[in-house]
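> pasting the structure only:
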């Protein structure tokens, strides 16, 4: 009940009880790993600590056995199939679409207007992920449906994780019905996109094209069901987690004007009058990227994960039986004062000093080991591009009154963040070099993707549901 009612406070309290702490999930015993060394040992031994436990039992009902949820035995094949879509060269080519989606979003913003930042970031991330998965197959109406379905699904998944009693979810309660309808509609939309592509044919440089080529060849590598499972998995993890990271970043910057001012100065210098960054700009947006890293530390979208032991194992000084549920929390590790001095403070500067590094880094927003998020470079680039694009022209301010606390669901971050837009004075600089940039002068849009993090991309893994 403590994990359900006050999850973040409960997690913060566990380290005082040791490196491996036994808890109860309903009638089930489980163990929470509280030390970064043990977390890395677990994540590197995917044969013994396989994807499983309450979280993945529920996720498989939504995603099937896609790359995020599949067991160890099938992971290597799936990852090899999907990895080319997220390689650095491919991500570099996507910085243009990332900036375009951000510009398209806030072109209609007006000075003094109140904007639902959470919804706006979901619009941007859904648009970008849709391009990667199935080019431009989602029209605005379908994209809006997808966003609504994803919001309903992530709320329902957390309850299904911490209340591992199936009979409860068979009750005809309104929340259960909403969740079931959202899952069915999300899969129906993906089915429509796949069926349309099969009818129209043609070569497409996207994930759907890769999957259909593997499914329809003379020696099929995937089934039609797996095509759907992969698209649903990547759509959910790619859109929801990135949107939460961006919402957290804007909310934190508004509370820390010195950090915001420093980021604005960097963006103005690097972009030099242009509306949005290019791939070549990303390595120069050092402080902007530090804002992304610190936002991921304070509020990792993937904040709690489960594993299931496949055999009896000696671990953390305890003997765990086969079938034991083991949990780890990036939130817990990221807020440990022994790893991050003054852990509750928003300090992007800590990442310019390199942050904690080494083989057992406590910074794990994208997991680690062979199941580290395959889209970590993509996610970081998207966050950086979006932040820089928005910050080039807008400052976002909290409304009067207290800022609502974080509300954990299956992912963590602000879900109803409404902020006021303030137009920034335009900085002098050279004329925009491209027609696309020149077309947006007064109110360019924001869509950011942080550049690949040398350290975090190496040690971290996909957060939120992005524990692939």
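Thanks, I have it. No experiment lies behind these values; they were computed from the predicted model shown. Numbers count the residues shown, from 1 in each chain.
> Counting residues, name the longest helix you see in the chain.
Criterion DSSP state H: the longest helix present in the chain is helix 224-255.
> Give me the next element, helix or strand, following that one.
helix 257-271 (DSSP states H and E).
> what inclination does that next one have with respect to helix 224-255?
Interaxial angle of helix 257-271 relative to helix 224-255 (axes from the mean of the first three to the mean of the last three CA atoms, to 10 degrees): 120 degrees.
> which secondary structure elements does the helix or strand following helix 257-271 contact?
Where DSSP H and E defines the elements, the next helix or strand beyond helix 257-271 is helix 286-298. Helices and strands touching helix 286-298, by 3 or more CB pairs under 8 Å, 6 or more residues apart in numbering; DSSP states H and E, are helix 224-255, helix 257-271, helix 330-334, helix 349-352, helix 376-391. To be clear about C-beta, it is placed using only N, CA and C from the backbone, and glycine gets the same treatment.
> CSV please, covering the ones you listed and showing mean pLDDT, mean neighbour count and distance to residue 421.
Below are the helices and strands packed on helix 286-298 laid out as CSV (pLDDT from 0 to 100; neighbours: other CB atoms under 10 Å; distance: least, CB to CB, whole Å):
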stretch, mean pLDDT, mean neighbour count, distance to residue 421
helix 224-255, 93, 25, 11
helix 257-271, 97, 17, 14
helix 330-334, 97, 25, 30
helix 349-352, 92, 16, 27
helix 376-391, 96, 30, 10
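> could those helices be laid out in TSV, adding distance to residue 183?
Conversion of the helices and strands packed on helix 286-298 to TSV gives the following (distance: least, CB to CB, whole Å):
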stretch	distance to residue 183
helix 224-255	9
helix 257-271	38
helix 330-334	25
helix 349-352	37
helix 376-391	24
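> Of those helices, which is nearest residue 128?
Nearest of the helices and strands packed on helix 286-298 to residue 128, taken as CB to CB: helix 376-391 at 5.9 Å.
> name the element residue 192 belongs to?
Residue-wise, residue 192 maps onto helix 174-200 under DSSP H and E.
> for that helix, packing partners?
helix 140-162, helix 207-216, helix 224-255.
> which one of those lies closest to residue 357?
helix 224-255 (21.1 Å).
> relative to helix 376-391, how tilted is the closest one?
Going by the same axes, to 10 degrees, helix 224-255 makes 40 degrees with helix 376-391.
> List the buried residues of the helix or strand harbouring residue 59.
Assigned by DSSP H and E, residue 59 falls within helix 54-63. By 16 or more other CB atoms under 10 Å, the buried positions in helix 54-63 come out as 54-60, 62-63.
> what inclination does whatever helix or strand comes next after it have with respect to helix 224-255?
Downstream of helix 54-63, the first helix or strand assigned by DSSP H and E is helix 72-82. Angle of helix 72-82 versus helix 224-255, following the same axes, to 10 degrees, is 80 degrees.
> next one: phi and psi at residue 116?
Dihedral angles of residue 116 (phi, psi; degrees, to the nearest 10) stand at phi -80, psi 100.
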